[in-house]
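Trainee: I need the structure of the sequence given here:
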Amino acid sequence: MATEQQVINFINKIAPMCMEDMKKSKVLASLKIVQACVESAYGQSTATSLGNNLYGIKADKYWKGQFVTAMGWEEKNGIKQPKEPMKWRKYSSWQESITDHSNFLKAKRYANIIGCTDYKQACINIRNDGYCTASGYSQLLISIIEKYQLYKYDQQVLNGIKPQPTSLPSPTSKPITPQPAQPIQPSQIINKKITIANGQWNVRQQSNASASVVKIVNAGQTFTSSKIENGWYYVNELKGYINSKGISKAEDIKATPSFLTYKIKAGDSWWKIAQEQMGNGARCEELAKYNGMTTKTVIQPNQQIKIPK
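Mentor: Predicted coordinates for the structure are as follows:
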C-alpha cells in the first residue's frame, strides 16, 4: 500500500501530463489522475511496473502492441477476488499510457465522458459505461478527487493556469461530507453592473458551490448580471454564476427610455399628436394620461411631452 507521500509524488508526476492531455482529448484531468491512482495502485501495480500500464486496460484482440501478463481481479457479491493471469497492454512510458487511455475513451459507449466538465458526473458515467463493474467505483474516485483536490487541475486547464503541485492533506482536516441541499429560491430578475471583490473568485455553471467552474475572475473586473438565484449573480458575459460574496458593488443599469420626447407645435392638439405620433387619434386619452394630464389639459407650443414607444 502506498504511503501518503508516495501518493502525493505520484499525483504530482502525472498531473502535468494529464492536464496537457485534457487540452486535446477533453477528458477531465481529475478523472485521468484519479483513475491512474486507482487502476495502478499509485504506480505500484504489476501491470504498471512491467508495462507502464496506468489504467488497467487489457490487451484484447484489437490490441496490436506488446503486452504483459499479470494477475487480474473481479468483484463477486461485493467481494474482490483474484482471477487467472491476464494480458495487459504494455507501453513505452506513462505518457503513452495516458494518451492511450484517452483514445480508449473515444469508444461510443464513453461518449458522455468527452467534454464533461463535472468531475462527479464523469466518475458516475465512467462506472455506468462499464469501465469498471465494482459497485463502489464511482464513490471511490470522487472521494480521492476531493481528498487531494484533484478538481483544481481541471480548473487550471480551463483557466490557462500552470500546474500547481498537490501537497499532503492537513492532519486535522476532516473528510468532505455532502451538505444538505438548500431550498431553491426563485430567480430575481435584475439589470445590474457588478464589480468583482478583492481576490480571485470562481464563476460556476450553476448557482451552487459544488457546480463546475467555468472561469476564474479577478478583483476589479466588471460584468453585467440579469438575475440573482440562491444568492448567486448570473454573469451574462461568462454564462455562469458567482457568489454574492465575490461582488464588491452591484449598480443598477439605467434602462433605455421607453418613450420619445415630443415638442408641442402651434396648432397641435392631443388628438392630432396621437394621430401623427401613435398612428391613432383615438389614443389621445392614453397619451394625455401617460403624461399625467387629461385631454382637457391645455398644451402650449414648445411644451415637451412623452410619446410611448
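Trainee: May I ask you to confirm that residue 250 belongs to a strand?
Mentor: Yes: checked against DSSP: H, G, I helix; E, B strand; the rest coil, residue 250 lies within a strand.
Trainee: Quick check, pLDDT for it.
Mentor: You'll see residue 250 listed with a pLDDT of 91.
Trainee: ok, now which ones touch it?
Mentor: Counting by CB atoms under 8 Å, 6 or more residues apart in numbering, residue 250 makes contact with 190, 192, 193, 194, 195, 225, 233. The way it works is simple: take the backbone N, C-alpha and C, and place the C-beta from them, glycine included.
Trainee: Generate a PyMOL selection restricted to the buried subset of those residues.
Mentor: Selection of buried members from these for PyMOL, criterion 16 or more other CB atoms under 10 Å:
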select buried, resi 190+192+194+195+225+233
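Trainee: Please flag which of the contacts of residue 250 sit within strands.
Mentor: If you go by DSSP state E, those have 190, 192, 193, 194, 195, 225, 233 in strands.
Trainee: doesn't residue 241 make contact with the last one?
Mentor: Spelled out, that is residue 233. Yes: using CB atoms under 8 Å, residue 233 makes contact with residue 241 at a distance of 6.7 Å.
Trainee: which residues are common contacts for those two?
Mentor: Taking CB under 8 Å, 6+ apart as the criterion, residue 233 and residue 241 do not both touch any residue.
Trainee: Show me where the stretch 1-150 of the chain has its helices.
Mentor: 4-25, 29-39, 46-51, 94-104, 119-128, 137-147 (DSSP state H, counting those that start in this stretch).
Trainee: so residue 264 makes contact with residue 299?
Mentor: Yes: in this structure, residue 264 is within contact of residue 299 by CB under 8 Å, at 5.1 Å.
Trainee: check contacts around residue 228.
Mentor: Neighbour list for residue 228: 187, 188, 190, 234, 244 [criterion: CB under 8 Å, 6+ apart].
Trainee: Tally up the residues packed near the second one, please.
Mentor: In other words, residue 188. When neighbours are counted by other CB atoms under 10 Å, residue 188 registers 8.
Trainee: all strands for the stretch 151-300 of the chain, in order.
Mentor: Ranges of strands within the stretch 151-300 of the chain are 188-196, 200-204, 213-218, 222-229, 232-235, 240-243, 247-252, 259-263, based on DSSP state E, counting those that start in this stretch.
Trainee: Same list (these) but as a markdown table, adding distance to residue 120.
Mentor: Below are the strands of the stretch 151-300 of the chain laid out as a markdown table (distance: least, CB to CB, whole Å):
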| stretch | distance to residue 120 |
| --- | --- |
| strand 188-196 | 27 |
| strand 200-204 | 13 |
| strand 213-218 | 13 |
| strand 222-229 | 21 |
| strand 232-235 | 19 |
| strand 240-243 | 17 |
| strand 247-252 | 27 |
| strand 259-263 | 50 |
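Trainee: Flag every buried residue along stretch 113-121.
Mentor: For stretch 113-121, burial by neighbour count (16+ other CB under 10 Å) applies to 113, 116, 117, 118, 119, 120.
Trainee: Other residues contacting it?
Mentor: Here stretch 113-121 makes contact (CB under 8 Å, 6+ apart) with 25-28, 30-31, 105-106, 122, 125-126, 129, 142, 145, 150-151, 154, 158, 205, 210-212, 214.
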